[in-house]
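Peer 1: Predicted model and sequence follow; I will ask about them next.
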Amino acid sequence: MNFTIGTKGDIRIVPVTKDQVPQGLEDLATFLKEKKLFTGAKGEVYADLGLKGHNVVLVGLGEQGKLDEEVYRLSFYKVGKELAKAKVTEVTVDLPQHPELCYRHAAMAAAEGLYQSVYSFDKYLTTKEDKAVLNEVGFKILKGKEDKVAPGLEEISNIISGLTLARNLVNEPAETIYPATLAKAAEEALTPLGVEVEVMGLEQIKELGMTAFLAVARGSSKEPKLIVMRYKGGKADDEIIGLVGKGLTYDSGGYAIKPAGGMVTMHTDMGGAGGVIGAMAAIAGNKVERNVTAVVASCENMISGDAYKNGDIIKAMSGKTIEIGNTDAEGRVTLADAIYYTATKENVSEIIDVATLTGAVIVALGSHYTGAVTNDQAMMDKVLAASKTGGEKLWQLPSDDIYRDMVKGKRADLLNSVKGGAGSITAGLFLENFTEGKKWVHMDIAGTSHMDSPSGYLTAGATGVPVKTLYHYCKGEENLECC
């Protein structure tokens, strides 16, 4: 979808707040009010298209004074769905100014909403739905706003590219996305954007001493890959932000085998990897002036005569020992080495790890909020602010010492699975043991990176979470441009 300043086609989208009369459409507004067909309520859409129509689509924004970017995203998503029914391929958005909402951000949110309405993953359908796709969107904007809105539309286009990359990777089945092909996809997407991508195979991983990662990988015939992506957008002596994504391209549960229904979507267990790869694409595409390194330890968790077992005690790269209480709690075991490697080998100052880590976070928060724990509240506050900017809901969970004590072992230093509830918290705080004291935030995206049914402006399947949060965090809230 191409976003530009100016007009496209002969159909207009006119955003309207509740009970507002759109200028030049007074007769239509009176008719709609009398017939109770349109009031401007949030997400309400009325399309007057056709030979004798006004060629206008009214979209309700709800009450004036309560607008935010999420309202725009949802409302324009619904507009996009209506345009698809009418097979509209070009449209102009008449973008109004609202005192409570940044004009640039309103344009970006509208553009994202339209994009969300057309995204689909139908690659493997032999018979595809015959539908026109909206591909040209012009924004008719107020005079003097061009120098702010035009860069904003370019920025959101690059963010959308990162979202699309992440969603497509997560939606792919495990037979096509496994460690080697995930690494190849990262190289092909990021290298042209100026990101250095280093892929390490089995022997290099062994040389690094990543024994926890290798324990999980042992049961699969697919060779594990350590994927390191380095973007140098800042000065040479600037600090480096570290991003770590869980890269399990398939999770059978190992000897703690999942039931058949629980395995069907386990190609999505690399949602963290997809998220950081997509975020790196958005960061590099927009030439963010920061240094960012992303790390993915990618493998499959399978069953074989050599697979690791419940009750095993394994040593991590850091030297700490881990008692395996549950081979289906494998993500934290691979992340232990990935986080330690990032903290000690890549010279990062802080780390955000993202992972489809626990079913417990879905029990706690459903599919609407990502859960998070941290060892640094100031950093957590910045991540929370970034999630709000991106429209990706995030909820901070407690990091009390009582939970830290729960992951301490008796037969080994640490337990990879503990009893007593609070599973998302204890899984996150298990990872804290490998941060080497670096500032750190853990995000559990098990409920938010992939959904079984549509919600709001997100379709079923991969959502792209947490690409926008990571992007805005790395960009820095202090660098938000508004008008």
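Peer 2: Here it is on my side, so go on.

Peer 1: Whatever helix or strand residue 112 lives in - contacts with which helices or strands?
Peer 2: For residue 112, the host element (DSSP states H and E) is helix 103-118. Applying 3 or more Cβ pairs under 8 Å, 6 or more residues apart in numbering; DSSP states H and E, we find helix 103-118 packed against helix 69-85, strand 136-140, helix 146-171. The C-beta positions use only the backbone N, C-alpha and C, and glycine is treated the same way.

Peer 1: Name the residues of the helix or strand of the chain with the lowest mean pLDDT that are buried.
Peer 2: Of all regular secondary-structure elements in the chain, judged by mean pLDDT, DSSP states H and E, the least confident is helix 26-34 with a mean of 90. Buried residues in helix 26-34, counted by 16 or more other Cβ atoms under 10 Å: 28, 29, 32.

Peer 1: Who does the helix or strand that that helix is followed by pair with, and is each partner parallel or antiparallel?
Peer 2: Per DSSP H and E, the first helix or strand lying C-terminal to helix 26-34 is strand 45-48. Its sheet considered, strand 45-48 pairs with strand 56-60 (antiparallel) by DSSP bridges.

Peer 1: tell me the angle of the strand it pairs with relative to helix 103-118?
Peer 2: Interaxial angle, strand 56-60 versus helix 103-118 (axes from the mean of the first three to the mean of the last three Cα atoms, to 10 degrees): 110 degrees.

Peer 1: can you list the domains in the chain?
Peer 2: Following automatic domain parsing, one gets these domains for the chain: 2-143, 164-478.

Peer 1: Can you say which of those domains is packed in most?
Peer 2: domain 164-478 (a mean of 21; mean count of other Cβ atoms under 10 Å).

Peer 1: what about that one, average pLDDT?
Peer 2: Mean per-residue pLDDT for domain 164-478: 97.

Peer 1: Now do the end-to-end distance for that domain.
Peer 2: End-to-end distance for domain 164-478, by Cα to Cα, to the nearest Å: 26 Å.

Peer 1: and that domain, how far out from the chain's middle?
Peer 2: 12 Å (Cα atoms, centre = their mean, to the nearest Å).

Peer 1: do stretch 110-119 as well
Peer 2: 15 Å.

Peer 1: Number the chain from 9, please
Peer 2: Sounds good: first residue 9 from here, last item stretch 118-127.

Peer 1: Mind exporting the C-alpha coordinates of it to PDB?
Peer 2: What follows is stretch 118-127, C-alpha atoms only, in PDB (Å, rounded to 0.1, in the frame of the first residue of the first chain):
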ATOM      1  CA  ALA A 118      -5.100   6.100   9.800                       C
ATOM      2  CA  ALA A 119      -2.500   4.600   7.400                       C
ATOM      3  CA  GLU A 120      -1.900   1.700   9.700                       C
ATOM      4  CA  GLY A 121      -5.600   1.000  10.200                       C
ATOM      5  CA  LEU A 122      -6.000   0.800   6.400                       C
ATOM      6  CA  TYR A 123      -3.000  -1.600   6.200                       C
ATOM      7  CA  GLN A 124      -4.400  -3.800   8.900                       C
ATOM      8  CA  SER A 125      -7.600  -4.100   6.900                       C
ATOM      9  CA  VAL A 126      -5.900  -5.700   3.900                       C
ATOM     10  CA  TYR A 127      -3.300  -7.900   5.500                       C
END
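
Peer 1: And for it, what's in contact with it?
Peer 2: 9, 11, 23, 80-89, 91-92, 101, 103, 141-142, 145, 147, 161, 164-165, 167-168, 171-172, 175, 465-467 (Cβ atoms under 8 Å, 6 or more residues apart in numbering).

Peer 1: Leaving out the residues flanking it, which one is nearest to residue 305?
Peer 2: residue 346 (4.0 Å; Cβ to Cβ, 6 or more residues apart in numbering).

Peer 1: for residue 116, same thing?
Peer 2: residue 164 (4.1 Å).

Peer 1: Same question for residue 132.
Peer 2: Nearest non-adjacent residue to residue 132, counting by Cβ to Cβ, 6+ apart: residue 181, 7.9 Å away.

Peer 1: How about residue 81?
Peer 2: Leaving aside its sequence neighbours, residue 81 sits nearest to residue 121 (Cβ to Cβ, 6+ apart; 4.3 Å).

Peer 1: separation between the one you found and residue 350?
Peer 2: Noted for residue 121: a distance of 35 Å to residue 350, by Cβ to Cβ, to the nearest Å.

Peer 1: just residue 336 next, same as before
Peer 2: Taking Cβ to Cβ, one finds residue 336 at 24 Å from residue 350.

Peer 1: Next: residue 206.
Peer 2: Computed as Cβ to Cβ, the residue 206 to residue 350 distance reads 13 Å.
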